[in-house]
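Engineer: I would like the atomic coordinates for the input below:
(chains A, B and C)
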Amino acid sequence: MAVVFEKPKALTDAVLHYCPGCTHGIIHRLVAEAIDELGIGGRTIGVASVGCSVMTYNYFNCDMVQAAHGRAPAVATGVKRSDSNNIVFTYQGDGDLAAIGTAETVHSAARGENITIIFVNNAIYGMTGGQMAPTTLPGQVTQTSPYGRDVEKVGYPLKVCEMLSQVDGATYLERVAVNNVKNIKVAKAAIKKAFQNQVEGKGFSLVEVLSTCPTNWGMTPENAIHWLEENMMPYYPLGVYKDKTAK
Amino acid sequence: MAKVTFNENLCKGCGLCVTACPKKIVALKNTLNAKGYHPAGVEKQEDCIGCAFCATMCPDCVITVER
Amino acid sequence: MSEKVLMKGNEALAEAAIMAGCKHYLGYPITPQTEIAAYMSKRLPKIDGGVFLQAESEVAAVNMLIGVASTGKRAMTSSSSPGISLKSEGISYLAGCDLPALIVNVQRGGPGLGGIQPSQSDYFQATRGLGHGDFHLMVLAPASVQEMVDLVFKGFDLAEKYRVPAMILSDGTMGQMMEPVSLDAGVINNYDKSWALTGTKGERKPNIVNSLYLKPEELEVKNMERFERYAQIEKNEVMYEEYKMDDAEICIVAFGVAARVSQNAIDIARQQGIKVGMIRPITLWPFPKDALYEAAKKVKAFISVELNMGQMVEDIQLATKCTREVLLCNRVGGMIPTTENVLDKINEAVKLGGVK
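Structural biologist: Next comes the predicted model:
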C-alpha cells in the first residue's frame, strides 16, 4: 500500500489553533499542497494578516512575515519587489482584506503585483469574537449587528471578486468554497493556479474561499457547512471572475 | 485494500469527516483524546475504499490514507 | 574626498541613499519632501535592481518598506509631518519586528494639515512617540546638505547594526537648501542578516519576522532585550557638535536650521563680548545628555532655539537636572527664528545675572 493522502510538507507540525470544524485548516492544507506540488517551498515567503489567521506564520513551513491589519498586500509588494524570484502570498480574512485593507487590496491588484492572495471569506470577524464584517450578509446576526445586518443603515456586503474584476491590473480572480469534497478539489485547483500564475510571472491572482465560522455563527460544524451552502453561496456565487491567462 | 489512520490527538471532534465518508464507517468515539475531544476513528476498516474524502474534509490533517 | 557638487538637500539625501546601497524607495507625494520621490523615480529605474514605487498612501508605503526590510535589503521611505503620522503604525511594526530601515521626515508646520513651511514640531513625535508600544528609533538631525548625505550613511549603518528603524529628522529648509557636497560619504558595513526572509531554499528552518507575542512573559523578554540594545545605542552612538563652548557662559542648544541661525547669532554676540557657545545635537535620540550635563557645570544658562513651542526644552532640563535656567527662543507655524530673535534671547540670558 502507498500513502495517497497525508499532511503536506509545507505545513509545520504545529497544531492549528482554529476552533473545531473551522475550515481555515482545510484552506491552509490546500495552500501547502499547492506549494509542495509546485516545488516552490524554498523560495516562498508568506505574509500573515490580522484576524484568526494571524498566526499562520507558525503553520506554513516557509519564511513568513506578519503584517499589520489590512496591510498584507503592501508588505507582500515589498517582499516581491525585493526579489522577483520570491514566491509571495498573503493569507487574509474578510475584515483584513475587505474592510481595513481595501485600499491595499485594490491597489496591489491595480498595479498587477505578481503575488498570490488567499482571501478567506467567512462573513464575520472571528478572532475578536464575531462582529459584523464587510462581507456579513444582509440580515445576518453578529455581535455588532444583533438585530441582523440592516442594509438601510450599514450598507451592503462587498463582493470582492466582482469588484476586482473591474480592475485592469488583476490577472486571475476566482471564488471557491470548501463545503464539500468536490468543491475542495476545485478550490485546490484554483489556489494552485494562483501560485502557478506567479511562478510564470502572470501577475495578480486572488482566490476567495468561502469558509465557515461555526463558533461565531453559533452552530455545529455540519450545520455551518449547510448555512454556507444555503446563505453564502447564493449571495457570493462561485466561479472564475477574471482570467487573463485563459486562452 | 485501503487503510485510514487517525492521529487521534490532533482531532478536535468536529465530525466533518463523519459526514464526508461515503461508506459511513467513520464515527466519533466515546473516548476522549488528550485535548478532551471525542476523536474520530474508523469503525470498519475492511469496508474502507481509500477515497480520502474524510481526509479531504478534515481541517486538522488528522487522517493519513493508504491504498 | 570626491569632488564637491552643488545639490539641493532633498536630492543630495536621495543620491546618498543610493550610494549607501539603498535600491528600494517606497513613497507618497507630500510637500516639502516630494523632490526625494521625484529624484528616486528618475534614478532608481536606471540602477540594476532599483525599485521606485509610488504607493497608494503613506500607510501602504511604510508597509512596502517593511516588506523590503524583512528581506534584509536597505530600503527607504520619506514623507513630511502629516504623512509621518500615517506611517507611525508601520514604524511601530518595524521596531516590534526589529527591522532596520530609514525613514525621512522633512518636517512642516502642524498640527493637522498645518502648513508647508519648515518646522521642527515633530520633535516629540520622533523622540517620544512615533507609534504605539515601548520603542525608540534613531533620530538624526542634519544641519547642512553635507549632513543630509553623511547621516543617510550613518542612519542605514546604525539601523542595521542595532536592528532598529532610523529617522532623518529634517525640515523644509534643509530639503530646499543648495550647498556643495561630497557624496563620498561612508562605508557600507556587512552586518549579520541571518534573520532575513530570503526563502529557506530547503536548507534552513523558516525565518519569521513578527511582532506578535501572545505570551506576556515572552513579550516582556522581547522588550527587555530591545531596551538592552537601546542602552548600547545611548552609550555608543550619541552625536553632537560643540561650537565655541570652551569659555562659554551661555549655551545655546539647537539642531537643524535653528543651529545655523544660532551660529550666526553667536558670532555676532561674541563680537559684543558675550561668551556664548552652542551644543548642537546631531542625534536627537539618543540625546546628548552627558554633554549637556557637563556643560551645565560651566555655563550660567541655556537657550533652546527651536521651530516649535519648546519641545526640546524638557530634554535639556532633564539632561541638566534643572540646575540651570533654560530659556526658549522659538518661532512656529513655518516661521524661522531670526538672528535678531536669538540675539535678543542671548541678551535676556545675560540679564539673568552671573554672566560677565
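Engineer: what's the pLDDT at C:L352?
Structural biologist: Among the per-residue scores, C:L352 shows a pLDDT of 87.
Engineer: tell me where the longest helix sits in chain C.
Structural biologist: Counting by DSSP state H, the longest helix found in chain C is helix C:216-236.
Engineer: just confirm yes or no for that one near chain A.
Structural biologist: No: Helix C:216-236 is not in contact with chain A by CB under 8 Å from any CB of the partner chain; minimum separation 13.2 Å. Backbone N, C-alpha and C define where each C-beta goes, glycine included.
Engineer: buried residues, that helix. List them.
Structural biologist: For helix C:216-236, a neighbour-count test (16 or more other CB atoms under 10 Å in any protein chain shown) marks C:R226, C:Y230, C:I233, C:E234 as buried.
Engineer: tell me who's in contact with whichever residue of chain B sits closest to chain C.
Structural biologist: Of all residues in chain B, B:C61 sits closest to chain C, with a separation of 17.8 Å (CB to the nearest CB). The contact partners of B:C61, by CB atoms under 8 Å, 6 or more residues apart in numbering or on different chains, come to A:E6, A:K7, A:L11, A:G25, A:R29, B:N7, B:L10.
Engineer: run the last query once more with 7 Å
Structural biologist: A:K7, A:L11, A:R29, B:L10 (CB atoms under 7 Å, 6 or more residues apart in numbering or on different chains).
Engineer: pLDDT below threshold where in chain B?
Structural biologist: For chain B, no stretch has pLDDT under 70.
Engineer: now do the helices in the chain.
Structural biologist: No chain was given, so I picked chain A. The residue ranges that make up the helices of chain A, judged by DSSP H, are A:24-38, A:72-82, A:94-95, A:102-110, A:151-154, A:160-164, A:181-199, A:214-217, A:221-227, A:233-235.
Engineer: switch to chain C, that's the one I care about
Structural biologist: With DSSP H applied, chain C shows helices at C:9-19, C:34-43, C:58-70, C:81-96, C:123-127, C:145-162, C:172-176, C:216-236, C:257-271, C:289-296, C:313-319, C:339-351, listed in chain order.
Engineer: tally of neighbours for the closest residue to chain B within chain A?
Structural biologist: The shortest separation between chain A and chain B is 2.8 Å, found at A:G25 (distances taken as CB to the nearest CB). Counted with other CB atoms under 10 Å in any protein chain shown, the neighbours of A:G25 add up to 26.
Engineer: sorry, back to before: in strands only, show me the contacts of B:C61.
Structural biologist: Among the contacts of B:C61, the subset assigned to strands under DSSP state E is empty.
Engineer: contacting residues around B:G41?
Structural biologist: Residues in contact with B:G41 (CB under 7 Å, 6+ apart) are B:F6, B:E8, B:A27, B:K29.
Engineer: and the angle for the longest helix of chain C with helix C:289-296?
Structural biologist: Using axes from the mean of the first three to the mean of the last three CA atoms, to 10 degrees, one finds that helix C:216-236 and helix C:289-296 are set 50 degrees apart in direction.
Engineer: how about A:N183: what's its closest non-neighbour residue?
Structural biologist: Spatial nearest neighbour of A:N183, chain neighbours left out: A:A177 (4.8 Å); criterion: CB to CB, 6 or more residues apart in numbering or on different chains.
Engineer: for the one you found, give me its contacts.
Structural biologist: Under the criterion of CB under 7 Å, 6+ apart, the contact list for A:A177 reads A:N183, A:A187, A:V209, A:L210, A:L228, A:M233, A:L238.
Engineer: so it bridges to which residues?
Structural biologist: A:L210 (DSSP bridges).
Engineer: pLDDT value on residue 72, please?
Structural biologist: In the absence of a named chain, chain A is used. As summarised for this prediction, A:A72 has a pLDDT of 98.
Engineer: that answer is for a different chain, and I need it for chain C
Structural biologist: Confidence at C:G72, expressed as pLDDT, is 98.
Engineer: that one reaches C:S194, doesn't it?
Structural biologist: No: using CB atoms under 7 Å as the test, C:G72 is too far from C:S194 to be in contact (9.0 Å).
Engineer: what parts of chain A come near chain C?
Structural biologist: In this structure, chain A approaches chain C at residues A:41-45, A:54, A:57, A:61-68, A:71, A:74-79, A:81-83, A:86, A:103-104, A:107, judged by CB under 7 Å from any CB of the partner chain.
Engineer: count of neighbours near the closest residue to A:G129 other than its chain neighbours?
Structural biologist: Here the nearest residue to A:G129 in space, its sequence neighbours aside, is A:Q143; by CB to CB, 6+ apart that works out to 6.1 Å. Using other CB under 10 Å, the number of residues around A:Q143 comes to 13.
Engineer: likewise A:K185?
Structural biologist: Here the count is done by other CB under 10 Å, and A:K185 has 13 residues near it.
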